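> no FASTA, just this:
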Ligand code: TGC
Ligand code: FAD
(Lines give C-alpha, C1' and ligand atoms only; values in the text may rest on other atoms or scores of the structure.)
(Ligands and ions follow the chains in the order given, each with its own letter.)
Protein backbone atom coordinates (compact mmCIF):
# COMPACT_ATOMS: atom_id res chain seq x y z
CA UNK A 1 0.00 0.00 0.00
CA UNK A 2 2.24 2.76 -1.28
CA UNK A 3 0.01 5.00 -3.39
CA UNK A 4 2.29 8.06 -3.14
CA UNK A 5 5.61 6.20 -3.57
CA UNK A 6 6.60 7.07 0.01
CA UNK A 7 8.88 4.04 0.10
CA UNK A 8 11.26 5.94 -2.22
CA UNK A 9 12.02 8.09 0.84
CA UNK A 10 13.26 5.09 2.82
CA UNK A 11 16.73 3.51 2.78
CA UNK A 12 17.40 -0.09 1.78
CA UNK A 13 17.91 -0.85 5.49
CA UNK A 14 14.46 0.55 6.36
CA UNK A 15 12.86 -1.58 3.63
CA UNK A 16 14.69 -4.64 4.92
CA UNK A 17 13.47 -4.00 8.47
CA UNK A 18 9.90 -3.53 7.24
CA UNK A 19 10.03 -6.71 5.16
CA UNK A 20 11.57 -8.84 7.89
CA UNK A 21 8.94 -7.81 10.47
CA UNK A 22 6.19 -8.43 7.90
CA UNK A 23 7.65 -11.90 7.24
CA UNK A 24 7.64 -12.64 11.00
CA UNK A 25 4.00 -11.54 11.28
CA UNK A 26 2.94 -13.67 8.31
CA UNK A 27 4.76 -16.77 9.54
CA UNK A 28 4.48 -16.56 13.34
CA UNK A 29 1.37 -14.50 14.08
CA UNK A 30 -1.26 -14.54 11.34
CA UNK A 31 -1.88 -18.31 11.20
CA UNK A 32 -3.17 -18.45 14.82
CA UNK A 33 -3.99 -14.89 15.91
CA UNK A 34 -7.74 -15.32 15.43
CA UNK A 35 -7.80 -18.35 17.76
CA UNK A 36 -5.79 -16.54 20.43
CA UNK A 37 -8.08 -13.51 20.23
CA UNK A 38 -11.25 -15.66 20.27
CA UNK A 39 -9.91 -17.58 23.30
CA UNK A 40 -8.68 -14.44 25.10
CA UNK A 41 -5.13 -15.86 25.21
CA UNK A 42 -1.74 -14.27 24.62
CA UNK A 43 0.50 -15.56 21.83
CA UNK A 44 2.83 -17.99 23.71
CA UNK A 45 6.36 -16.67 24.26
CA UNK A 46 5.42 -13.48 22.38
CA UNK A 47 7.88 -11.20 24.17
CA UNK A 48 10.80 -13.55 23.52
CA UNK A 49 9.82 -13.76 19.85
CA UNK A 50 9.67 -9.96 19.65
CA UNK A 51 13.11 -9.82 21.28
CA UNK A 52 14.52 -12.23 18.72
CA UNK A 53 13.42 -10.05 15.78
CA UNK A 54 14.79 -6.87 17.42
CA UNK A 55 11.40 -5.26 18.05
CA UNK A 56 12.11 -4.37 21.70
CA UNK A 57 13.91 -1.07 22.30
CA UNK A 58 15.01 -0.76 18.66
CA UNK A 59 15.83 2.96 19.14
CA UNK A 60 17.97 2.41 22.26
CA UNK A 61 21.77 2.03 22.12
CA UNK A 62 23.23 -1.40 21.47
CA UNK A 63 25.26 -1.14 24.71
CA UNK A 64 22.06 -1.85 26.63
CA UNK A 65 20.67 -4.44 24.22
CA UNK A 66 18.81 -1.96 21.98
CA UNK A 67 18.98 -1.90 18.19
CA UNK A 68 20.66 1.49 17.67
CA UNK A 69 18.04 2.24 14.99
CA UNK A 70 16.34 5.53 14.12
CA UNK A 71 12.73 6.59 14.66
CA UNK A 72 11.62 5.71 11.14
CA UNK A 73 12.75 2.13 11.75
CA UNK A 74 10.83 2.10 15.06
CA UNK A 75 7.72 3.39 13.30
CA UNK A 76 7.93 0.79 10.55
CA UNK A 77 8.33 -2.01 13.10
CA UNK A 78 5.20 -0.80 14.92
CA UNK A 79 3.30 -0.56 11.62
CA UNK A 80 4.12 -4.12 10.66
CA UNK A 81 3.34 -5.54 14.11
CA UNK A 82 -0.10 -3.91 14.11
CA UNK A 83 -0.74 -5.20 10.58
CA UNK A 84 -0.85 -8.49 12.51
CA UNK A 85 -2.80 -7.36 15.58
CA UNK A 86 -2.85 -4.33 17.90
CA UNK A 87 -2.04 -6.67 20.81
CA UNK A 88 1.30 -7.52 19.21
CA UNK A 89 2.18 -3.85 18.70
CA UNK A 90 0.93 -3.06 22.22
CA UNK A 91 3.32 -5.61 23.73
CA UNK A 92 6.26 -4.11 21.83
CA UNK A 93 5.35 -0.49 22.43
CA UNK A 94 4.78 -0.89 26.18
CA UNK A 95 8.07 -2.77 26.55
CA UNK A 96 10.05 -0.33 24.35
CA UNK A 97 8.53 3.10 24.98
CA UNK A 98 6.98 2.77 28.42
CA UNK A 99 9.39 0.46 30.25
CA UNK A 100 12.80 0.50 28.53
CA UNK A 101 12.65 4.20 27.59
CA UNK A 102 12.08 5.52 31.17
CA UNK A 103 14.75 3.20 32.59
CA UNK A 104 17.17 4.37 29.89
CA UNK A 105 16.23 8.05 30.20
CA UNK A 106 15.80 8.40 33.97
CA UNK A 107 17.45 5.30 35.47
CA UNK A 108 20.81 4.87 37.19
CA UNK A 109 23.64 3.06 35.40
CA UNK A 110 23.03 0.03 37.64
CA UNK A 111 19.31 -0.01 36.76
CA UNK A 112 20.07 0.25 33.03
CA UNK A 113 22.58 -2.61 33.16
CA UNK A 114 20.32 -4.76 35.31
CA UNK A 115 17.05 -4.43 33.40
CA UNK A 116 17.52 -3.22 29.82
CA UNK A 117 19.30 -6.25 28.30
CA UNK A 118 16.73 -8.64 29.80
CA UNK A 119 13.85 -6.49 28.56
CA UNK A 120 15.44 -6.21 25.08
CA UNK A 121 15.61 -10.01 24.79
CA UNK A 122 12.06 -10.42 26.05
CA UNK A 123 13.31 -12.47 29.00
CA UNK A 124 11.61 -9.92 31.25
CA UNK A 125 8.13 -8.60 30.53
CA UNK A 126 7.51 -5.02 31.63
CA UNK A 127 4.36 -3.03 32.34
CA UNK A 128 3.71 0.68 32.89
CA UNK A 129 1.44 1.92 35.66
CA UNK A 130 0.07 5.42 35.30
CA UNK A 131 -3.76 5.11 35.03
CA UNK A 132 -5.71 4.59 38.26
CA UNK A 133 -9.33 3.59 38.92
CA UNK A 134 -10.22 7.25 39.66
CA UNK A 135 -7.69 9.04 37.41
CA UNK A 136 -7.38 8.23 33.70
CA UNK A 137 -7.18 11.32 31.51
CA UNK A 138 -5.92 13.34 34.50
CA UNK A 139 -3.02 11.23 35.82
CA UNK A 140 -1.48 14.16 37.70
CA UNK A 141 -4.30 13.75 40.25
CA UNK A 142 -3.03 10.23 41.10
CA UNK A 143 -3.64 8.76 44.56
CA UNK A 144 -0.76 6.24 44.61
CA UNK A 145 1.69 7.28 47.32
CA UNK A 146 5.37 6.67 48.05
CA UNK A 147 6.01 7.46 51.70
CA UNK A 148 9.34 7.34 53.55
CA UNK A 149 9.87 4.29 55.79
CA UNK A 150 13.29 3.98 57.42
CA UNK A 151 15.99 3.78 54.74
CA UNK A 152 13.42 3.17 52.02
CA UNK A 153 9.76 3.78 51.19
CA UNK A 154 6.31 2.17 51.29
CA UNK A 155 4.24 2.18 48.09
CA UNK A 156 0.45 2.07 48.39
CA UNK A 157 -2.38 2.44 45.90
CA UNK A 158 -3.43 0.78 42.67
CA UNK A 159 -3.17 1.16 38.91
CA UNK A 160 -5.85 -0.05 36.50
CA UNK A 161 -6.13 -1.03 32.81
CA UNK A 162 -2.46 -1.98 32.67
CA UNK A 163 -1.23 -3.82 29.56
CA UNK A 164 0.69 -7.00 30.46
CA UNK A 165 0.11 -6.50 34.22
CA UNK A 166 -0.85 -10.17 34.82
CA UNK A 167 2.34 -11.47 33.18
CA UNK A 168 4.85 -8.74 34.00
CA UNK A 169 8.17 -9.40 35.74
CA UNK A 170 8.63 -5.71 36.50
CA UNK A 171 6.41 -2.63 36.45
CA UNK A 172 7.47 0.99 36.01
CA UNK A 173 5.04 2.73 38.34
CA UNK A 174 4.37 6.44 38.94
CA UNK A 175 3.49 7.71 42.42
CA UNK A 176 3.47 10.94 44.41
CA UNK A 177 5.94 11.30 47.30
CA UNK A 178 5.72 13.30 50.54
CA UNK A 179 7.05 16.40 48.79
CA UNK A 180 4.23 16.00 46.19
CA UNK A 181 6.77 15.14 43.52
CA UNK A 182 6.02 12.45 40.91
CA UNK A 183 8.46 9.55 41.24
CA UNK A 184 9.11 6.59 38.95
CA UNK A 185 9.57 3.24 40.70
CA UNK A 186 10.65 -0.15 39.36
CA UNK A 187 8.53 -2.73 41.16
CA UNK A 188 9.52 -6.39 40.80
CA UNK A 189 7.15 -9.35 40.85
CA UNK A 190 7.53 -11.18 44.16
CA UNK A 191 7.83 -8.04 46.29
CA UNK A 192 5.60 -8.49 49.32
CA UNK A 193 2.24 -6.72 48.97
CA UNK A 194 2.41 -6.48 45.14
CA UNK A 195 -0.32 -8.28 43.14
CA UNK A 196 -1.59 -8.11 39.53
CA UNK A 197 -5.21 -9.31 39.10
CA UNK A 198 -6.36 -9.77 35.51
CA UNK A 199 -9.17 -7.73 33.92
CA UNK A 200 -11.53 -10.24 32.28
CA UNK A 201 -14.35 -10.14 29.71
CA UNK A 202 -12.75 -7.63 27.30
CA UNK A 203 -14.21 -7.36 23.80
CA UNK A 204 -11.02 -5.67 22.59
CA UNK A 205 -7.30 -6.55 22.52
CA UNK A 206 -8.24 -10.10 23.38
CA UNK A 207 -4.79 -11.44 22.50
CA UNK A 208 -3.29 -9.18 25.17
CA UNK A 209 -3.58 -9.46 28.95
CA UNK A 210 -4.74 -6.38 30.83
CA UNK A 211 -4.90 -6.03 34.59
CA UNK A 212 -4.33 -4.07 37.76
CA UNK A 213 -1.17 -3.33 39.71
CA UNK A 214 -2.04 -3.35 43.40
CA UNK A 215 0.41 -2.08 46.03
CA UNK A 216 -0.37 -2.92 49.64
CA UNK A 217 2.38 -1.14 51.58
CA UNK A 218 5.08 -2.57 49.28
CA UNK A 219 8.58 -1.90 50.67
CA UNK A 220 10.68 -0.04 48.06
CA UNK A 221 14.42 0.40 48.50
CA UNK A 222 16.16 3.52 47.16
CA UNK A 223 17.75 1.38 44.41
CA UNK A 224 14.28 0.86 42.87
CA UNK A 225 13.58 4.58 42.35
CA UNK A 226 14.40 6.22 39.00
CA UNK A 227 16.81 8.95 40.15
CA UNK A 228 16.59 11.43 37.27
CA UNK A 229 12.90 12.41 37.25
CA UNK A 230 10.60 14.08 39.77
CA UNK A 231 7.65 15.49 37.79
CA UNK A 232 4.85 14.64 35.35
CA UNK A 233 7.38 15.18 32.57
CA UNK A 234 8.63 11.67 33.37
CA UNK A 235 5.52 9.65 32.49
CA UNK A 236 4.37 12.12 29.83
CA UNK A 237 7.68 11.92 27.95
CA UNK A 238 7.25 8.11 27.79
CA UNK A 239 3.80 8.66 26.31
CA UNK A 240 5.32 10.77 23.51
CA UNK A 241 7.34 7.78 22.36
CA UNK A 242 4.45 5.31 22.65
CA UNK A 243 1.95 7.63 20.95
CA UNK A 244 4.38 8.07 18.08
CA UNK A 245 4.57 4.28 17.68
CA UNK A 246 0.76 4.05 17.70
CA UNK A 247 0.53 6.66 14.93
CA UNK A 248 2.49 4.19 12.77
CA UNK A 249 0.87 1.05 14.14
CA UNK A 250 -2.64 2.21 13.26
CA UNK A 251 -1.57 2.44 9.61
CA UNK A 252 -0.69 -1.26 9.67
CA UNK A 253 -4.16 -2.24 10.93
CA UNK A 254 -5.80 0.05 8.34
CA UNK A 255 -3.74 -1.38 5.48
CA UNK A 256 -4.74 -4.93 6.39
CA UNK A 257 -8.44 -3.92 6.50
CA UNK A 258 -8.21 -2.05 3.19
CA UNK A 259 -6.39 -4.84 1.37
CA UNK A 260 -8.82 -7.44 2.70
CA UNK A 261 -11.81 -5.36 1.56
CA UNK A 262 -10.30 -4.65 -1.88
CA UNK A 263 -9.62 -8.33 -2.57
CA UNK A 264 -13.06 -9.36 -1.35
CA UNK A 265 -14.77 -6.68 -3.46
CA UNK A 266 -12.89 -7.79 -6.58
CA UNK A 267 -13.90 -11.44 -6.03
CA UNK A 268 -17.42 -11.22 -4.60
CA UNK A 269 -20.16 -11.12 -7.25
CA UNK A 270 -23.72 -9.77 -6.77
CA UNK A 271 -26.22 -8.89 -9.50
CA UNK A 272 -23.88 -10.74 -11.85
CA UNK A 273 -20.92 -8.39 -11.30
CA UNK A 274 -17.96 -7.97 -8.94
CA UNK A 275 -19.12 -5.66 -6.14
CA UNK A 276 -15.91 -3.63 -6.76
CA UNK A 277 -17.55 -2.45 -9.99
CA UNK A 278 -20.33 -0.63 -8.09
CA UNK A 279 -19.76 3.06 -7.39
CA UNK A 280 -20.75 2.83 -3.72
CA UNK A 281 -18.08 0.19 -3.01
CA UNK A 282 -15.50 2.14 -5.04
CA UNK A 283 -16.26 5.24 -2.95
CA UNK A 284 -15.49 3.29 0.23
CA UNK A 285 -12.25 1.83 -1.17
CA UNK A 286 -11.09 5.12 -2.75
CA UNK A 287 -11.65 7.00 0.50
CA UNK A 288 -9.77 4.32 2.44
CA UNK A 289 -6.72 4.57 0.19
CA UNK A 290 -6.82 8.38 0.36
CA UNK A 291 -6.99 8.46 4.17
CA UNK A 292 -4.28 5.81 4.58
CA UNK A 293 -1.99 7.79 2.26
CA UNK A 294 -2.54 11.02 4.24
CA UNK A 295 -1.77 9.14 7.48
CA UNK A 296 1.42 7.67 5.97
CA UNK A 297 2.64 11.15 5.04
CA UNK A 298 1.90 12.48 8.52
CA UNK A 299 3.77 9.57 10.14
CA UNK A 300 6.72 9.86 7.77
CA UNK A 301 7.18 13.59 8.42
CA UNK A 302 6.84 13.00 12.17
CA UNK A 303 9.58 10.36 11.96
CA UNK A 304 11.90 12.89 10.32
CA UNK A 305 11.11 15.49 13.01
CA UNK A 306 11.70 12.88 15.73
CA UNK A 307 15.02 11.89 14.19
CA UNK A 308 16.05 15.55 14.44
CA UNK A 309 14.67 15.78 18.02
CA UNK A 310 12.25 18.46 16.84
CA UNK A 311 8.86 16.71 17.17
CA UNK A 312 6.66 18.48 19.73
CA UNK A 313 4.23 16.57 22.00
CA UNK A 314 1.36 18.39 20.24
CA UNK A 315 2.55 17.20 16.81
CA UNK A 316 2.67 13.65 18.16
CA UNK A 317 -0.86 14.03 19.58
CA UNK A 318 -2.17 15.14 16.19
CA UNK A 319 -0.68 12.10 14.45
CA UNK A 320 -1.89 9.62 17.11
CA UNK A 321 -5.39 11.07 17.04
CA UNK A 322 -5.69 11.33 13.27
CA UNK A 323 -4.19 7.97 12.40
CA UNK A 324 -6.11 5.90 14.96
CA UNK A 325 -9.38 7.55 13.99
CA UNK A 326 -8.53 6.94 10.34
CA UNK A 327 -7.83 3.25 11.03
CA UNK A 328 -11.10 2.82 12.93
CA UNK A 329 -13.07 4.44 10.09
CA UNK A 330 -11.28 2.24 7.54
CA UNK A 331 -12.07 -0.86 9.62
CA UNK A 332 -15.75 0.08 9.91
CA UNK A 333 -16.09 0.72 6.16
CA UNK A 334 -14.07 -2.38 5.25
CA UNK A 335 -16.30 -4.50 7.48
CA UNK A 336 -19.34 -3.33 5.50
CA UNK A 337 -17.70 -4.21 2.17
CA UNK A 338 -17.56 -7.83 3.35
CA UNK A 339 -21.24 -7.92 4.28
CA UNK A 340 -22.00 -10.75 6.72
CA UNK A 341 -18.58 -12.27 6.11
CA UNK A 342 -17.14 -9.19 7.83
CA UNK A 343 -18.28 -10.34 11.25
CA UNK A 344 -16.50 -13.72 11.36
CA UNK A 345 -12.96 -14.52 12.41
CA UNK A 346 -12.06 -15.94 8.98
CA UNK A 347 -11.29 -12.30 8.16
CA UNK A 348 -9.22 -9.95 10.31
CA UNK A 349 -11.35 -6.80 10.02
CA UNK A 350 -13.70 -7.18 13.00
CA UNK A 351 -10.72 -8.10 15.23
CA UNK A 352 -8.85 -4.98 14.13
CA UNK A 353 -11.99 -2.88 14.61
CA UNK A 354 -12.52 -4.05 18.18
CA UNK A 355 -8.83 -3.59 18.99
CA UNK A 356 -8.89 -0.06 17.65
CA UNK A 357 -11.69 0.82 20.08
CA UNK A 358 -9.03 0.48 22.81
CA UNK A 359 -6.29 2.14 20.80
CA UNK A 360 -8.46 5.26 20.33
CA UNK A 361 -8.83 5.42 24.15
CA UNK A 362 -5.43 4.45 25.54
CA UNK A 363 -2.35 6.64 25.41
CA UNK A 364 -4.71 9.63 25.67
CA UNK A 365 -8.28 9.57 24.38
CA UNK A 366 -9.40 11.02 21.05
CA UNK A 367 -10.86 13.99 22.99
CA UNK A 368 -7.71 14.61 25.05
CA UNK A 369 -5.53 14.76 21.92
CA UNK A 370 -7.93 17.25 20.36
CA UNK A 371 -7.65 19.40 23.49
CA UNK A 372 -3.84 19.19 23.31
CA UNK A 373 -4.00 20.55 19.74
CA UNK A 374 -6.53 23.17 20.85
CA UNK A 375 -4.27 24.34 23.65
CA UNK A 376 -1.24 24.39 21.36
CA UNK A 377 -2.86 26.60 18.72
CA UNK A 378 -4.93 28.92 20.96
CA UNK A 379 -2.82 29.11 24.10
CA UNK A 380 -5.89 28.32 26.25
CA UNK A 381 -6.16 25.19 28.40
CA UNK A 382 -9.64 23.68 27.96
CA UNK A 383 -8.96 20.60 30.14
CA UNK A 384 -10.29 22.13 33.33
P1 LIG B 1 0.57 19.93 32.29
O2 LIG B 1 0.34 20.79 33.49
O3 LIG B 1 0.15 20.40 30.95
O4 LIG B 1 2.12 19.53 32.23
C5 LIG B 1 2.82 19.05 33.38
C6 LIG B 1 4.28 19.03 33.02
O7 LIG B 1 4.51 18.01 32.02
C8 LIG B 1 4.98 18.62 30.81
N9 LIG B 1 4.31 17.91 29.69
C10 LIG B 1 4.97 17.07 28.91
N11 LIG B 1 6.27 16.69 28.88
C12 LIG B 1 6.63 15.79 27.96
N13 LIG B 1 5.74 15.27 27.07
C14 LIG B 1 4.44 15.61 27.08
N15 LIG B 1 3.58 15.07 26.21
C16 LIG B 1 4.00 16.55 28.02
N17 LIG B 1 2.79 17.12 28.33
C18 LIG B 1 3.01 17.95 29.36
C19 LIG B 1 4.58 20.08 30.89
O20 LIG B 1 5.44 20.87 30.10
C21 LIG B 1 4.73 20.34 32.37
O22 LIG B 1 6.10 20.50 32.66
P23 LIG B 1 6.60 21.49 33.84
O24 LIG B 1 8.07 21.47 33.77
O25 LIG B 1 5.99 22.83 33.50
O26 LIG B 1 6.05 20.91 35.10
O27 LIG B 1 -0.06 18.53 32.57
P28 LIG B 1 -1.50 18.13 33.02
O29 LIG B 1 -1.39 17.38 34.28
O30 LIG B 1 -2.44 19.31 32.97
O31 LIG B 1 -1.90 17.08 31.87
C32 LIG B 1 -2.04 17.39 30.59
C33 LIG B 1 -2.67 16.20 29.82
C34 LIG B 1 -4.16 16.11 30.07
C35 LIG B 1 -2.41 16.49 28.35
C36 LIG B 1 -2.00 14.87 30.25
O37 LIG B 1 -2.30 14.54 31.54
C38 LIG B 1 -2.38 13.72 29.35
O39 LIG B 1 -1.75 13.50 28.33
N40 LIG B 1 -3.43 12.90 29.74
C41 LIG B 1 -3.75 11.68 29.05
C42 LIG B 1 -3.34 10.50 29.91
C43 LIG B 1 -2.75 9.38 29.12
O44 LIG B 1 -2.42 9.51 27.95
N45 LIG B 1 -2.57 8.24 29.75
C46 LIG B 1 -1.93 7.14 29.12
C47 LIG B 1 -1.61 6.05 30.10
S48 LIG B 1 -0.48 4.85 29.48
C49 LIG B 1 -1.36 3.95 28.38
O50 LIG B 1 -2.46 4.21 28.05
C51 LIG B 1 -0.63 2.81 27.81
S52 LIG B 1 -1.51 1.88 26.66
C53 LIG B 1 -0.20 1.05 26.03
C54 LIG B 1 -0.47 0.00 25.03
O55 LIG B 1 -1.00 -1.08 25.38
O56 LIG B 1 -0.04 0.20 23.87
P1 FAD C 1 -11.66 9.00 31.52
O2 FAD C 1 -10.47 9.84 31.74
O3 FAD C 1 -12.57 8.75 32.65
O4 FAD C 1 -12.48 9.61 30.30
C5 FAD C 1 -13.84 9.24 30.02
C6 FAD C 1 -14.33 10.13 28.88
O7 FAD C 1 -14.29 11.52 29.30
C8 FAD C 1 -13.46 10.02 27.63
O9 FAD C 1 -14.25 10.09 26.48
C10 FAD C 1 -12.58 11.28 27.71
O11 FAD C 1 -12.15 11.73 26.43
C12 FAD C 1 -13.53 12.28 28.36
N13 FAD C 1 -12.81 13.34 29.07
C14 FAD C 1 -11.97 13.23 30.12
N15 FAD C 1 -11.49 14.42 30.48
C16 FAD C 1 -12.04 15.33 29.62
C17 FAD C 1 -11.91 16.75 29.47
N18 FAD C 1 -11.11 17.49 30.25
N19 FAD C 1 -12.63 17.35 28.48
C20 FAD C 1 -13.43 16.61 27.67
N21 FAD C 1 -13.59 15.28 27.77
C22 FAD C 1 -12.89 14.64 28.74
N23 FAD C 1 -2.89 2.90 31.26
C24 FAD C 1 -1.64 2.76 31.77
O25 FAD C 1 -1.20 3.54 32.60
N26 FAD C 1 -0.83 1.72 31.35
C27 FAD C 1 -1.24 0.81 30.44
O28 FAD C 1 -0.49 -0.10 30.07
C29 FAD C 1 -2.56 0.93 29.90
N30 FAD C 1 -3.02 0.00 29.03
C31 FAD C 1 -4.34 0.05 28.63
C32 FAD C 1 -4.86 -1.01 27.87
C33 FAD C 1 -6.20 -0.99 27.49
C34 FAD C 1 -6.75 -2.15 26.73
C35 FAD C 1 -7.01 0.11 27.81
C36 FAD C 1 -8.45 0.17 27.35
C37 FAD C 1 -6.52 1.16 28.56
C38 FAD C 1 -5.17 1.13 29.00
N39 FAD C 1 -4.65 2.13 29.82
C40 FAD C 1 -3.38 2.01 30.33
C41 FAD C 1 -5.52 3.19 30.34
C42 FAD C 1 -5.77 4.33 29.37
O43 FAD C 1 -4.64 5.13 29.22
C44 FAD C 1 -6.96 5.13 29.89
O45 FAD C 1 -8.10 4.32 29.70
C46 FAD C 1 -7.13 6.46 29.19
O47 FAD C 1 -6.08 7.34 29.51
C48 FAD C 1 -8.48 7.14 29.54
O49 FAD C 1 -8.73 7.11 30.91
P50 FAD C 1 -10.16 6.56 31.45
O51 FAD C 1 -10.43 5.26 30.80
O52 FAD C 1 -10.12 6.63 32.91
O53 FAD C 1 -11.22 7.59 30.87
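The structure has been received and is ready for your questions. Note that the structure is predicted; figures quoted are calculated from it, not measured. Numbering: from 1, shown residues only. Ligands and ions are numbered 1, 2, ... in the order given.
> and the residue nearest the centre of the chain, how far from ligand 2?
Nearest to the geometric centre of the chain sits residue 90, at 3.9 Å (C-alpha atoms, centre = their mean). Going from residue 90 to ligand 2 by C-beta to the nearest ligand atom, to the nearest Å gives 7 Å. Glycine gets a C-beta too; all of them are placed from N, C-alpha and C.
> list the contacts for that residue?
163, 205, 208 (C-beta atoms under 8 Å, 6 or more residues apart in numbering).
> for residue 370, grab the count of nearby residues.
15 (other C-beta atoms under 10 Å).
> and it, which of the three is it?
For residue 370, the assignment made with DSSP: H, G, I helix; E, B strand; the rest coil gives helix.
> how about the nearest residue to it, chain neighbours excluded?
residue 321 (6.4 Å; C-beta to C-beta, 6 or more residues apart in numbering).
> show me what contacts the one you found?
Contacts of residue 321 (C-beta under 8 Å, 6+ apart): 366, 369-370, 373.
> now those residues: which count as buried?
Listed as buried from these are residue 369; burial here means 16 or more other C-beta atoms under 10 Å.
> distance of the residue of the chain positioned farthest from its centre relative to ligand 2?
In terms of distance from the mean C-alpha position of the chain, residue 272 ranks first, at 43.4 Å (C-alpha atoms, centre = their mean). According to C-beta to the nearest ligand atom, residue 272 and ligand 2 sit 44 Å apart.
> need the pLDDT of that residue.
At residue 272, the model reports a pLDDT of 98.
> what about residue 372, neighbour count?
When neighbours are defined as other C-beta under 10 Å, residue 372 has 23 of them.
> how about the longest helix that the chain contains, does it reach ligand 2?
In the chain, taking DSSP state H as the definition, the longest helix is helix 233-267. No: Helix 233-267 stays clear of ligand 2 (C-beta under 6 Å from any ligand atom), getting no nearer than 8.1 Å.
> what strands line up against the helix or strand that that helix is followed by, and which way round?
Using DSSP states H and E, the helix or strand that follows helix 233-267 in sequence is strand 269-270. Here strand 269-270 has these sheet partners by DSSP bridges: strand 273-274 (antiparallel).
> can you report how many residues lie near the nearest residue in space to residue 81 that is not next to it in sequence?
Distances taken as C-beta to C-beta, 6+ apart place residue 89 nearest to residue 81, at 4.1 Å, with adjacent residues excluded. Neighbourhood size, residue 89 [other C-beta under 10 Å]: 29.
> which residues are in contact with residue 89?
78, 81-82, 245-246, 249, 252.
> need the three-state assignment for it.
helix.
> go on, residue 207?
Assignment for residue 207 (three-state DSSP): coil.
> so how far is residue 248 from the nearest residue to it once chain neighbours are set aside?
Nearest residue to residue 207, sequence neighbours excluded (C-beta to C-beta, 6+ apart): residue 87, at 3.9 Å. Distance of residue 87 to residue 248, given as C-beta to C-beta, to the nearest Å: 16 Å.
> when the two are compared, which one has more neighbours?
residue 248 (31 against 28).
> report pLDDT for the more buried one.
For residue 248, the predicted pLDDT is 98.
> then residue 328 would be within a strand, right?
No: counting by three-state DSSP, residue 328 is located in no strand; its state is helix.
> and the residue lying closest to it once chain neighbours are set aside, what element?
Leaving out its chain neighbours, the residue that sits closest to residue 328 by C-beta to C-beta, 6+ apart is residue 356, at 4.4 Å. Using DSSP H and E, residue 356 falls within helix 349-359.
> tell me if I'm right that residue 18 and residue 76 touch.
Yes: between residue 18 and residue 76 a contact is recorded at 4.5 Å, counting by C-beta atoms under 8 Å.
> quick one: common contacting residues for these two?
Common neighbours of residue 18 and residue 76 (C-beta under 8 Å, 6+ apart) are residue 10.
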